[in-house]
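Q: Got a sequence here, can you model it:
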Amino acid sequence: MVEKFDLRSIHQVSEALGFRTQEFRRIGFRGEDLMRPLGDFLAGRLDLCLLHRRVRARAQIFSCPEYRSSSACRPELCEALSLLWLILDPRAPLVPEKLPGYLDPVLAALAGRKPVPFHGVLKRILEDLGVFHFISLALDLSSATGRRRPPWSDLALLYHAPTLPANSNGGSGKKGSCNGSGPSNGKTGPHEEDGLALVWFIPLSVTIRTFYQQIRRRLGQVSSDGDRLGAGNCQVARLTERHPWLPVAEYRPAYFLDPRGFAEVVLDVPRLSRQEVAFAVRAFALLNAARAASLDGEPIELYPSCRSAQ
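A: Below you'll find the model as predicted:
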């Protein structure tokens, strides 16, 4: 019955029934509940669509805020569900033959009662993609509106390029055969996939340095001189070592990775425009060995152009 509900319905049911910790304990959520279908899929005893449905059914219940706020919550299993949901999204542009390489580490971590290696699996996924299509969120990048631009932007990774020809069949791919299980219930036409309907997840954000320092101070995560900006996980040295031609002097960036592997690019500039955000996308793409990238439907030049002298 749970599989027939969407996430909002499960949330409404838990609110209406007044689920408390003891109710969630009765429902139960154990590592074996994820290990069993993962093991069956990897052994060839369960097909991909059935695995997706089983993970989705658990995510609908155990991703709701009522469970996460209860003392019965097991954060490590919620983290595993989040990673599995990203991997098993039927519209994700992943090669089915590579799925075992992403799922094996998750199963091994669950079997060993260890945290799932979210960062390592995400890194492998990103490096395998090769092409990134981003849209900017909460930021007007056009200079024509005259509106004040916010000092930050989230960059959402899309299932595929946002501009589609009229005769395209949209984002239906090899994994899109799980009818009714995707975010658009099988509707993948170009007119039904505008804007946020194309978003897979948000692996990147960009902000200006002064705003970043203000937020860290408010959260008590930085001293008055902003020393966290020099934290050891900054990736700029790796970037400049591999790509010495990047214009880092122009933006004086910091590039941080959170525990999941999501990136935050901090630029020492007075404001954000498309040029600055495009630099962040370029840095992200190069660090993840991409061949190509786009921002809001426009290509980003990743490597220096080689123009022959006329």
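Q: so what does the longest strand anywhere in the chain touch, helix or strand wise?
A: Of all segments of type strand in the chain, defined using DSSP state E, the longest is strand 199-208. When contacts are defined as 3 or more Cβ pairs under 8 Å, 6 or more residues apart in numbering; DSSP states H and E, strand 199-208 sits against strand 131-137, strand 152-158, strand 263-267, helix 274-287. Glycine gets a C-beta too; all of them are placed from N, C-alpha and C.
Q: Can you tell me who Val199 pairs with across the strands?
A: Leu158 (DSSP bridges).
Q: is it true that it touches Leu157?
A: Yes - contact status for Val199 versus Leu157: in contact at 7.4 Å, counting by Cβ atoms under 8 Å.
Q: Where does the record place the domain boundaries for this structure?
A: 2-128, 130-300 (automatic domain parsing).
Q: Between Val199 and Leu157, which has more neighbouring residues?
A: Leu157 (20 against 17; other Cβ atoms under 10 Å).
Q: per-residue pLDDT, that one?
A: Note on Leu157: pLDDT of 97.
Q: mind listing what it touches?
A: Phe132, His133, Phe134, Val199, Trp200, Phe201, Ile202, Pro203, Leu204 (Cβ atoms under 8 Å, 6 or more residues apart in numbering).
Q: What are the buried residues along the longest strand of the chain?
A: Within strand 199-208, the residues scored as buried using 16 or more other Cβ atoms under 10 Å are Val199, Trp200, Pro203, Leu204, Ser205, Val206, Thr207, Ile208.
Q: And for it, what's in contact with it?
A: With Cβ under 8 Å, 6+ apart as the criterion, strand 199-208 contacts 86, 89, 91-93, 122, 126, 134-135, 137, 151-159, 261-272, 276-277, 280-281, 284.
Q: Stretch 129-137 now?
A: 93-94, 126, 153-158, 160-162, 195, 198-199, 202, 204, 277, 281, 284-285, 288-297.
Q: Just the mean pLDDT for whatever helix or strand Arg58 lives in, thanks.
A: Assigned by DSSP states H and E, Arg58 belongs to helix 48-62. The pLDDT scores in helix 48-62 average 82.
Q: by contact count, what packs against that helix?
A: helix 7-17, helix 31-42, helix 75-88.
Q: Just the pLDDT for Gly182.
A: On the pLDDT scale, Gly182 gets 43.
Q: Same check on Ala254?
A: pLDDT, Ala254: 95.
Q: Also Cys234?
A: As predicted, Cys234 sits at a pLDDT of 89.
Q: try Ala16
A: Predicted confidence (pLDDT) for Ala16: 45.
Q: now do the one 3 residues further on
A: Turning to Phe19, the model gives it a pLDDT of 51.
Q: Please enumerate the helices of the stretch 201-310 of the chain.
A: Taking DSSP state H, counting those that start in this stretch as the test, the helices found in the stretch 201-310 of the chain are 209-218, 236-242, 248-251, 274-287.
Q: any chance of those in JSON lines, with mean neighbour count too?
A: JSON lines is the format used below for those (neighbours: other Cβ atoms under 10 Å):
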{"stretch": "helix 209-218", "mean neighbour count": "16"}
{"stretch": "helix 236-242", "mean neighbour count": "13"}
{"stretch": "helix 248-251", "mean neighbour count": "14"}
{"stretch": "helix 274-287", "mean neighbour count": "22"}
